[in-house]
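**Student:** Got a predicted model here, sequence first, then my questions.
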Amino acid sequence: MIGIDLGTTNSAVGVIEAGFPIVLADTENRRLLPSAVSFSGDETIVGHEAKDPITSVKSLIGRSEVPESYHGAPTKTENGQIYVQSGEKWLTPVEVSAEILKTLKSTAEMRLGTPQTEAVISVPAYFNDRQRTETKEAATLAGLTVRRLVAEPTAAALAYGLERASERTKIAVYDLGGGTFDISILEMREGNFEVLATAGDTELGGDDFDTILAEKLNCTIPEAIAAKYAFDDADEVQGLTADEYEKACWQLLDRSRRCCERAIIDAGVAKTDLEKIILVGGSTKMPLVQRHVESVFEQSPDLCMNPDEAVVLGAGIQAGLLSGSIQTLSLLDVTPLSLGIETFGGLMNILIPRNSTIPCKKGEMFTNAVDGQTSMKINILQGEREFAKDNWSLGELEVPFTPAAKGQARVGIQFSLDEDGILSVLARDTATNEDLLLTIERSTVDITNTAVEKMIDESVDHAFEDMDGRIFTEAKIKADELLPALDEALALCGDSLDHETRSSINAAKSDVIAALEANDGKVLKSAVARLDDATEELASLVMQSLLG
Ligand code: ADP
Ligand code: MG
């Protein structure tokens, strides 16, 4: 299933590949397809090569009257049906949109090598029923079944990875495209984004900046567009300073400001409530727009995402969720497998369990297993199996410490996982407060689905034997401690015990030894517990004699 951003100016198609959303490029490696279609004779040309094309057909879809702002192509209206002209042909907005969708469909099929018949398509949050229905009709004509229409700001929020945002997070999505401007305030509720308010201006977009530059520089529109792009990383273009350019655009920016203020009021939020300002649409690449957004919202917008691709990536993510190619968005923002270290008996000790959201931190205290030990080897593990040897070793850290009696040296281990899944392991000798730090270069979340599935399947397949193994190992560690200690205690105070206690201790002891030989975890565990109980009196006698 594919995700489509069917834009007024540009469109694109995306998909989830190996757990990651990607935009699919055409044969010329172009990721954006101009929403432009020309018909001449039997030939239909969509996109870059279209000549005198029909453009901005999105602003006609689902309408019965041509908006005044429409300058795309000649139009006529008959019985409430709009037609646009290309060459000799008159076409409905649905038919024109279908051509754009067909082109995106075939780009996806070319890249993916399989037929694509289902899609998620993004639409503006304010699209009414008729606009939505006609968008679906266009898809049907293109041979696509629409599995869901997703609101553009919601798609953008998904692409920004905001599904991991805490409950009750509020954000603003500022979308300035070629000819339209939309501002949406969203709130995350129970894992879904709800649009609290939208506002916008269907006659405000990148085109208006082109017109202003053409006037200022006294040049053609294509030249003005080139100048506009040049301002992305220049303070002066053809003698016009960025400052002067910005001043010339003040009316446009003022219209944007008023929409934003209205949306904030309608949503009933304060600017300080907004966790993030997301930028969408090609025109937000203009530094002057970014400064404007910062001044309106009194915080800097998030610039981590290509604003051209946020919507299509979000539509692709939604498609991945619906088709089951990703279960939750979690693949991108939670640990796919548990992280831990090897402890006594070769067991896996989990510090960060599978599916923990990242970034996160987790610490635990470990002690030495042997008297006088001078260092501890920390084997860092990833996986779901009970035994260290069955998990993946990510690295090792040798922590030196001051020699101490068994269980006396204490080493604190802290795992921190950053947003990218990079794991840092910090080990601290609590006696000296000396730290050792190891960073695992390979991302711990960047693992193929197949590897994750294999690990989990194996852990399920081996669950019983692994569990028995763990129970045995843990009980054996205890038995290995208990048996020599028991012999010492008996030598010290055994004579003070009555006959009955002595024989129950002996019985429990031989049960433990038998279970150790039989290699049976459950039997050993209960035998160890019985021995523990039976030696209660002995232990307190030993304590008394030690305390003198
Ligand atoms: P839509 O959502 O309306 O389909 P887009 O988001 O694709 O539109 O935005 C297209 C607009 O973005 C055009 O006006 C284009 O000139 C402008 N644009 C794209 N890239 C840049 C850039 N790097 N600098 C300035 N403007 C840009
Ligand atoms: Mg757009």
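**Tutor:** Done, it's in. Residues are numbered from 1 along each chain as shown. Ligands and ions are numbered 1, 2, ... in the order given.
**Student:** Burial check on Val13, number of neighbours?
**Tutor:** Residues lying near Val13 (other C-beta atoms under 10 Å) number 32. Where C-beta positions appear, they are placed from N, C-alpha and C, glycine not excepted.
**Student:** Show me which residues of the helix or strand encompassing it are buried.
**Tutor:** For Val13, the host element (DSSP states H and E) is strand 10-17. By 16 or more other C-beta atoms under 10 Å, the buried positions in strand 10-17 come out as Asn10, Ser11, Ala12, Val13, Gly14, Val15, Ile16.
**Student:** Would you tell me what the next helix or strand after it is?
**Tutor:** Next along the chain after strand 10-17, taking DSSP H and E as the criterion, comes strand 20-23.
**Student:** Now do the following helix or strand past that following strand: which elements does it pack against?
**Tutor:** As assigned by DSSP H and E, the chain's next helix or strand after strand 20-23 is strand 33-34. Using 3 or more C-beta pairs under 8 Å, 6 or more residues apart in numbering; DSSP states H and E, the elements in contact with strand 33-34 are strand 10-17, helix 93-112.
**Student:** what residues does the following helix or strand past strand 33-34 touch?
**Tutor:** Once the chain leaves strand 33-34, the next helix or strand it forms, by DSSP H and E, is strand 36-40. With C-beta atoms under 8 Å, 6 or more residues apart in numbering as the test, strand 36-40 has contacts from 44-47, 50-55, 57, 86-87, 89, 91, 96, 99-100.
**Student:** Any buried residues in the following helix or strand past strand 36-40, and which?
**Tutor:** Next along the chain after strand 36-40, taking DSSP H and E as the criterion, comes strand 43-46. Within strand 43-46, the residues scored as buried using 16+ other C-beta under 10 Å are Thr44, Ile45, Val46.
**Student:** same thing with stretch 298-307?
**Tutor:** Buried residues in stretch 298-307, defined by neighbour count with 16+ other C-beta under 10 Å: Gln299, Pro301, Met305, Pro307.
**Student:** cool, and stretch 339-352?
**Tutor:** Using 16+ other C-beta under 10 Å as the burial criterion, the residues of stretch 339-352 that qualify are Leu339, Gly340, Ile341, Glu342, Thr343, Gly345, Leu347, Met348, Ile350, Leu351, Ile352.
**Student:** got the end-to-end distance for it?
**Tutor:** The first residue of stretch 339-352 is 5 Å away from its last residue (C-alpha to C-alpha, to the nearest Å).
**Student:** Also stretch 107-117?
**Tutor:** End-to-end distance for stretch 107-117: 13 Å, by C-alpha to C-alpha.
**Student:** Could you give the separation of it from the chain centroid?
**Tutor:** 25 Å (C-alpha atoms, centre = their mean, to the nearest Å).
**Student:** what's the most distant pair in the buried residues of stretch 339-352?
**Tutor:** Greatest spatial distance among the buried residues of stretch 339-352 (C-beta to C-beta): Gly345 and Ile352, at 21.0 Å.
**Student:** Tell me how the chain divides into domains.
**Tutor:** According to automatic domain parsing, the chain is divided into the following domains: 2-333, 339-446, 464-547.
**Student:** Quick check: which of these is buried the most?
**Tutor:** Highest mean neighbour count among these (mean count of other C-beta atoms under 10 Å): domain 2-333, with a mean of 19.
**Student:** Skip ahead from the one helix or strand in the chain whose mean pLDDT sits lowest and say which helix or strand is next.
**Tutor:** Among the helical and strand segments of the chain, the one scoring lowest on mean pLDDT, DSSP states H and E is helix 330-333, with a mean of 40. Sequence-wise, the next helix or strand downstream of helix 330-333 (DSSP H and E) is strand 339-343.
**Student:** what distance separates the longest helix along the chain from the middle of the whole chain?
**Tutor:** Across the chain, the longest stretch assigned as helix under DSSP state H is helix 463-493. Relative to its chain's centre, helix 463-493 lies at 44 Å (C-alpha atoms, centre = their mean).
**Student:** what do you get for stretch 488-503?
**Tutor:** Between the centre of stretch 488-503 and the centre of its chain there are 62 Å (C-alpha atoms, centre = their mean).
**Student:** End to end on that stretch, go ahead and measure it.
**Tutor:** Start and end residues of stretch 488-503 are separated by 17 Å (C-alpha to C-alpha).
**Student:** What lies in contact with it?
**Tutor:** Applying C-beta under 8 Å, 6+ apart, the set of residues contacting stretch 488-503 is Ile505, Ala534, Thr535, Glu537, Leu538, Ala539, Leu541, Val542, Ser545.
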